[in-house]
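J.: Provided below are the primary sequence and the corresponding predicted coordinates.
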Amino acid sequence: MTAQTDTPDTVTTVYKVSGMSCGHCEGSIAGEISEIPGVSSVKAVASTGEVTVVSAAPLDEEAVRSAVDEAGFELVGKA
């Protein structure tokens, strides 16, 4: 699996996040990341620790890290 997939209109990036264990965790992370400008969708999966983000342009990893920190989890990096 690639960490980033580009299409003409969107960029899809998969991140690894540690500490997710349930649906509430998924929702907290998705809610924080979805507030980053340009993000159109976020799907967090606790069982794999992966968060798939679709955005209009590549995101600043520090912005994603900050959002994940705000949710109370740790961004490991791109999957």
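T.: Sure thing, it's come through.
J.: Is it correct that residue 51 falls within a strand?
T.: Yes - the assignment for residue 51 by DSSP: H, G, I helix; E, B strand; the rest coil puts it in a strand.
J.: Report the contact partners of it.
T.: Shown in contact with residue 51 (C-beta atoms under 8 Å, 6 or more residues apart in numbering): 14-17, 29-30, 33, 42-45, 68. C-beta here means a position set from N, CA and C on the backbone, and glycine is covered the same way.
J.: Stretch 9-26: end-to-end distance?
T.: 26 Å (C-alpha to C-alpha, to the nearest Å).
J.: that older thread, among the contacts of residue 51, which pair sits farthest apart?
T.: The distance between the two most remote of the contacts of residue 51 (C-beta to C-beta) is 15.1 Å, for 16 and 30.
J.: Those two: which is more packed in?
T.: residue 30 (19 against 15; other C-beta atoms under 10 Å).
J.: what about that one, helix or strand, and which?
T.: Assigned by DSSP states H and E, residue 30 falls within helix 23-33.
J.: C-terminal to the worst-scoring helix or strand of the chain on mean pLDDT, what's the next element?
T.: Using mean pLDDT, DSSP states H and E, strand 4-6 stands out as the lowest-scoring helix or strand of the chain, at a mean of 62. Using DSSP H and E, the helix or strand that follows strand 4-6 towards the C-terminus is strand 11-18.
J.: Now do the contacts for residue 39.
T.: Here residue 39 is in contact with 33, 53-55, 59 (C-beta under 8 Å, 6+ apart).
J.: do residue 19 as well
T.: The contact partners of residue 19, by C-beta under 8 Å, 6+ apart, come to 25, 72-74.
J.: Among the residues you listed, which ones are in strands?
T.: Applying DSSP state E to these, the entries found in strands are residue 74.
J.: from the contacts of residue 19, which would you call buried?
T.: With burial judged by 16 or more other C-beta atoms under 10 Å, the buried subset of these is 25, 73.
J.: closest to residue 37 among the contacts of residue 19?
T.: Distances from residue 37 to these, taken by C-beta to C-beta, are shortest for residue 73, at 20.8 Å.
J.: Make sure residue 54 is actually in contact with residue 30.
T.: No - counting by C-beta atoms under 8 Å, residue 54 does not reach residue 30; the two are 11.7 Å apart.
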